[in-house]
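Asks: From the sequence below, what's the structure:
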Amino acid sequence: MSDRSIESTLAAAEPLAVPVTAADGARYEWLAVLPAGRWRHLLYWIPAMGIPARHYLPLAQALAARGIAVVLHEWRGIGSSDRRAGRGSNWGYRQLLQDDLPAGLAAVRRRWPQASCLLGGHSLGGQLGLLYASLHPGDFTSLLLVASGSPYWRCFRRGWLIGVAYVLAPLLARLVGYLPGRRIGFGGNEARGVIADWARSGRTGRYAAAGMAQDFERRLAALSLPLLALRLQEDWLGPPASLDWLLGKLGPGERRVEAIAREDLGGLPADHFGWMKTPAPIAARVADWLAGPDAAFAGRDGAAG
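Replies: Residues are numbered from 1 along each chain as shown. As a prediction, the model looks like this:
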């Protein structure tokens, strides 16, 4: 597809907003962008911490132009969510994994039951995607990570400073009632339960969720779905060691890791968030992977759209 035809398709790809009610009554809207013609693959996308779903519309439109439908999940407490973190409003990974994601994916299945569903995400969204897939591996054909990796402090340069942050962030969240991310320049205003679960994985290198008895390390080790991981070369928040640590938790399966450089993004920084300004190269990598021989997807037959 030429650049001009892609731009034309992007202009026509208007998002569909669908209301979702989670098991505990929390409400949000996910956004869907569909290809103009018939399609088979659908990517359910989980944003990075504190990033509203709408910020990924350019990525969704770029993927739709290449024949891939995209549904953008909304974080609890962000964007269209009817909840806001505070002293009297708290949640953690358990609510995200047991209430919000199942409700959003159930709404997808009701609308497009024959779609071949990929699960992917950015940063913490990618991590939660793997955790969710480890609980429901039969629901997905493949996995996608962009600028993601384990937050384990030993994976970073000057990791001891990051380790200190993993101690201080939960303390600050408990003191204020939530993590004031917008004020301190990290994420959004995050629930103290989310910060506690995230910081624990950063300190220990292992995944767990308060209130959930599942052994995520064991479940991840059994997860063998095909996976594409795109790493940004200038991403200090997602260095190679961080991604390696995360992928090392997974079971045997098709794995492809590709680096995205500044020249791939037209000279813009290839960092944790810079790629979002020019997502077409990311979309092209995903489309090529889905069309290639490495994508040994045990997908559902038939098309949608």
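
Asks: Packing partners of the helix or strand in which A287 is found?
Replies: Assigned by DSSP states H and E, A287 belongs to helix 280-291. In terms of contacts (3 or more Cβ pairs under 8 Å, 6 or more residues apart in numbering; DSSP states H and E), helix 280-291 is packed against helix 57-64, strand 142-146, strand 227-232, strand 255-260. The C-beta positions use only the backbone N, C-alpha and C, and glycine is treated the same way.

Asks: just these: most buried one?
Replies: strand 142-146 (a mean of 25; mean count of other Cβ atoms under 10 Å).

Asks: need the contact list for the closest residue to S123 other than its chain neighbours.
Replies: With sequence-adjacent residues excluded and distances taken as Cβ to Cβ, 6 or more residues apart in numbering, S123 is closest to A48, at 3.7 Å. A48 makes contacts with G121, H122, S123, L124, G125, A147, H272, F273, as judged by Cβ atoms under 8 Å, 6 or more residues apart in numbering.

Asks: Adding distance to G187 and mean pLDDT, write the helices and strands packed on helix 280-291 out as CSV.
Replies: Shown next, in CSV, are those (distance: least, Cβ to Cβ, whole Å; pLDDT from 0 to 100):
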stretch, distance to G187, mean pLDDT
helix 57-64, 19, 98
strand 142-146, 17, 98
strand 227-232, 18, 98
strand 255-260, 22, 97
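
Asks: Which of the ones you listed sits closest to I184?
Replies: strand 227-232 (23.0 Å; Cβ to Cβ).

Asks: Alpha carbons of the closest one, in PDB - could you do that?
Replies: In PDB, the C-alpha atoms belonging to strand 227-232 read as follows (Å, rounded to 0.1, in the frame of the first residue of the first chain):
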ATOM      1  CA  LEU A 227       5.200 -13.100  20.400                       C
ATOM      2  CA  LEU A 228       6.600 -10.000  18.700                       C
ATOM      3  CA  ALA A 229       8.500  -7.500  20.900                       C
ATOM      4  CA  LEU A 230       9.500  -4.100  19.500                       C
ATOM      5  CA  ARG A 231      12.200  -2.400  21.500                       C
ATOM      6  CA  LEU A 232      13.000   1.400  21.100                       C
END
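
Asks: Name the strands paired with it and say parallel or antiparallel.
Replies: strand 142-146 (parallel), strand 255-260 (parallel) (DSSP bridges).

Asks: following it, which helix or strand shows up next?
Replies: Past strand 227-232, the next helix or strand by DSSP H and E is helix 240-247.

Asks: Now do the contacts for G138.
Replies: By Cβ under 8 Å, 6+ apart, G138 has no neighbours at all.

Asks: circling back: now render the helices and strands packed on helix 280-291 as TSV, adding distance to R174.
Replies: Converted to TSV, the helices and strands packed on helix 280-291 look like this (distance: least, Cβ to Cβ, whole Å):
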stretch	distance to R174
helix 57-64	35
strand 142-146	30
strand 227-232	33
strand 255-260	37
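
Asks: for those, which one sits closest to Y93?
Replies: strand 142-146 (17.5 Å).

Asks: Alpha carbons of that closest one, in PDB - could you do that?
Replies: The C-alpha coordinates for strand 142-146 follow below in PDB (Å, rounded to 0.1, in the frame of the first residue of the first chain):
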ATOM      1  CA  SER A 142      -0.400 -14.200  19.600                       C
ATOM      2  CA  LEU A 143       1.100 -11.400  21.800                       C
ATOM      3  CA  LEU A 144       2.600  -8.000  21.000                       C
ATOM      4  CA  LEU A 145       4.900  -5.800  23.200                       C
ATOM      5  CA  VAL A 146       6.000  -2.300  22.300                       C
END
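
Asks: So what touches it?
Replies: With contacts defined as Cβ under 8 Å, 6+ apart, strand 142-146 is touched by 43, 118-122, 126, 129-130, 133, 225-230, 243, 246, 275, 282, 286, 290, 295, 297.

Asks: tilt between that strand and helix 240-247?
Replies: 160 degrees (axes from the mean of the first three to the mean of the last three Cα atoms, to 10 degrees).

Asks: ok, back up a step: and the contacts of A48 as TSV, adding secondary structure, pLDDT and neighbour count?
Replies: Shown next, in TSV, are the contacts of A48 (DSSP: H, G, I helix; E, B strand; the rest coil; pLDDT from 0 to 100; neighbours: other Cβ atoms under 10 Å):
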residue	secondary structure	pLDDT	neighbour count
G121	strand	98	26
H122	strand	98	29
S123	coil	98	25
L124	helix	98	24
G125	helix	98	24
A147	coil	98	27
H272	coil	97	19
F273	coil	96	16
